[in-house]
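S.K.: Below are the sequence and a predicted model for it; my questions follow.
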Amino acid sequence: MSQKVAVIGAGLTGLTTAYYLRKQGVDVTVFEKADRAGGVIQTCREDDFVYENGPSTGVLGSPEAAELIEELSDLCRLEIADEDAKYRWIWKGGRWVALPSGLIGGVTTPLFTFGDKLRLLGEPFRKPGTDPNESLADLVRRRMGKSFLKYAVDPFILGIYSGDPEKLVTKYALPKLYNLEQNYGSFIGGSMKKAKEPKSDRDKKATREVFSMQGGLSTLIDALVQKIGAENVILNAHNIQIKQAKSGYSLSYGNQVELPFDRVISTIGAWALPEIFPFLPAQDLADITELPYAKVVQVSVGFRQWEGTELKAFGGLVPFCENRRVLGALFLSSFLKGRAPEGGALISTFLGGVRKPEMVKLSDDELKAVVEAELKEMLGLTKWNPDLIVINRYQHAIPQYGVESEAKLKAVEKLENQFPGLYLAGNLRDGIGMADRIKQGREMAVLVSKKV
């Protein structure tokens, strides 16, 4: 008799998990409280603009991400970003400065102090850190210097986590960077050694290229739903609650009767766990729900005719020390096709983050005024006449992997051992990028399918 599996949450993690479970012949049903699948991924089309409410791009950072897209190629097509996506701008002293990518650029850039450039020569010879909970800021200051923290790492972290490098723990937030130091002794030497290591054909699929999907990221979501079977993805499942049963678990939502399941996989945010899993011990849950999240505002702005600075870059990031009111902006139409009319521009601007959460509380008119003032000055606009402006607020935008991470992961392991058949996944652990979500979903499916 086949076992039944429930997946809570129809975001990228949940759908990937369900897709691979279905491939293994597992009877799986996905439950989603929203009226659509995709979670934060949502492509919108309006007045010749194609924009995203949520993440706009991913990085092919794992073979699993590339393989999933390959498997779905009959329903959706990968779009690799144009060459412009290789360039990043950093705001310093009232102007944009290109983030250097090579040795010569690193020596000549005005982003870093002369002392820190000299200090960088000694980076391969510094001893690895011994504190597994060392913050990213402390690690960078120790190995590279303050100016690298302020004008390279801080804006990088704003672009990924909308976070604070003083609070993020490298081991959990950027494990690849942490492992470079721990396994190879340095960032520079470790990167050079890793580049020379032989890679399997599968490993080579993780090209680190920036990607979207032709027509937008929602086409990937639609493809997953079609492969899973729309009848197996229950939308508008409000008030989901899981209870322990004599054998496995029971699930109820809305006015529906309780449904029996042998295994339950949660892919929801940490803050939502207590309401859905009331039987889980409060203390163990507290170690998980203490996970902080960045509050972020995303403002998509479209111009049919662009009259500002030529946008030949992935985007611009604004270091916190520059004291601006935006975190940065992505120049989507410069590296993705069909996002704006020919000669126009589509820009996704971000505000808020861990250090400026109050921005989420601003009214739409206040946010529009901020974006107008910032983009006019920073992108060389003499007038403000956008043809599209869309505002999205996210109270739980991005989890912050800080000092609570060790206790959180131990609590997850303890609960999964204490309650067999229950799995706590999602972006509360294992990374926040699209490739991270796909990788976790596939690994979760493999783990569960072995036990059903």
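M.R.: Sure thing, it's come through.
S.K.: what comes up buried for the helix or strand of the chain with the lowest mean pLDDT?
M.R.: The weakest-scoring helix or strand in the chain, judged by mean pLDDT, DSSP states H and E, is helix 103-108 (a mean of 79). Across helix 103-108, burial judged by 16 or more other CB atoms under 10 Å covers residue 106. The way it works is simple: take the backbone N, C-alpha and C, and place the C-beta from them, glycine included.
S.K.: same thing with stretch 250-264?
M.R.: Within stretch 250-264, the residues that count as buried by 16+ other CB under 10 Å are 250, 251, 253, 261, 262, 263, 264.
S.K.: what about residue 152, neighbour count?
M.R.: Neighbourhood size, residue 152 [other CB atoms under 10 Å]: 23.
S.K.: again with residue 386
M.R.: 18.
S.K.: Mind telling me what element it is part of?
M.R.: Of the helices and strands defined by DSSP states H and E, none includes residue 386.
S.K.: Excluding chain neighbours, give the residue nearest to it in space.
M.R.: residue 301 (4.9 Å; CB to CB, 6 or more residues apart in numbering).
S.K.: ok, the one you found - how many residues close by?
M.R.: 24.
S.K.: Run through the bridge partners of it.
M.R.: Counting by DSSP bridges, residue 301 is bridged to residue 347, residue 389.
S.K.: Verify the stated contact: it with residue 387.
M.R.: No. In this structure, residue 301 is not within contact of residue 387 by CB atoms under 8 Å, at 9.0 Å.
S.K.: Below-threshold pLDDT in the stretch 101-250 of the chain: ranges please.
M.R.: 103 (pLDDT under 70).
S.K.: let's go with 90 and repeat that
M.R.: 101-108, 120-121, 188-189, 192, 194-195, 246-247 (pLDDT under 90).
S.K.: Which stretches in it count as strands?
M.R.: Shown for the stretch 101-250 of the chain, the strands assigned by DSSP state E, counting those that start in this stretch span residues 210-213, 233-234, 241-244, 249-252.
S.K.: Go through these and name the closest to residue 43.
M.R.: With CB to CB as the criterion, residue 43 lies closest to strand 210-213 of the strands of the stretch 101-250 of the chain, at 8.3 Å.
S.K.: Sheet partners, orientation included, of that closest one?
M.R.: strand 58-59 (antiparallel), strand 78-80 (antiparallel).
S.K.: Okay, buried residues for that strand please.
M.R.: 210, 211, 212, 213.
S.K.: ok, and what's touching that strand?
M.R.: For strand 210-213, the external contacting residues (CB atoms under 8 Å, 6 or more residues apart in numbering) are 56-60, 69, 76-81, 85, 219-220, 314, 335-336.
S.K.: do you know which of the strands paired with strand 210-213 lies nearest residue 29?
M.R.: Closest of the strands paired with strand 210-213 to residue 29 is strand 58-59, at 26.4 Å (criterion: CB to CB).
S.K.: Contacts for the closest one next, please.
M.R.: Under CB under 8 Å, 6+ apart, the answer for strand 58-59 is 65, 208, 209, 210, 211, 212, 217, 433, 434, 435.
S.K.: Try it again at 6 Å.
M.R.: Contacts to strand 58-59, defined as CB atoms under 6 Å, 6 or more residues apart in numbering, come from residues 210, 211, 434, 435.
S.K.: Out of the residues you listed, which is nearest to residue 180?
M.R.: Within the contacts of strand 58-59, the smallest distance to residue 180 is 18.2 Å, found for residue 435 (CB to CB).
S.K.: any idea how far that closest one is from residue 66?
M.R.: 9 Å (CB to CB, to the nearest Å).
S.K.: ok, residue 324 touching residue 318?
M.R.: Yes. With contact defined as CB atoms under 6 Å, residue 324 reaches residue 318; the gap is 4.8 Å.
S.K.: For these two, indicate the residue with more neighbours.
M.R.: Between residue 324 and residue 318, residue 318 has the larger neighbour count (other CB under 10 Å), namely 25 against 17.
S.K.: show me the contacts for that one.
M.R.: Residue 318 sits next to 91, 324, 326, 328 when contact means CB under 6 Å, 6+ apart.
S.K.: Not counting sequence-adjacent ones, nearest residue to the third one?
M.R.: Spatial nearest neighbour of residue 326, chain neighbours left out: residue 374 (4.8 Å); criterion: CB to CB, 6+ apart.
S.K.: Neighbours of that neighbour, how many?
M.R.: There are 19 residues near residue 374, going by other CB under 10 Å.
S.K.: how about it, secondary structure?
M.R.: helix (DSSP: H, G, I helix; E, B strand; the rest coil).
S.K.: repeat for residue 30
M.R.: Going by three-state DSSP: residue 30 is strand.
S.K.: in the helix or strand where residue 371 lies, what's buried?
M.R.: Per DSSP H and E: residue 371 is located in helix 364-378. Within helix 364-378, the residues that qualify as buried are 367, 368, 370, 371, 372, 374, 375, 378, counting by 16+ other CB under 10 Å.
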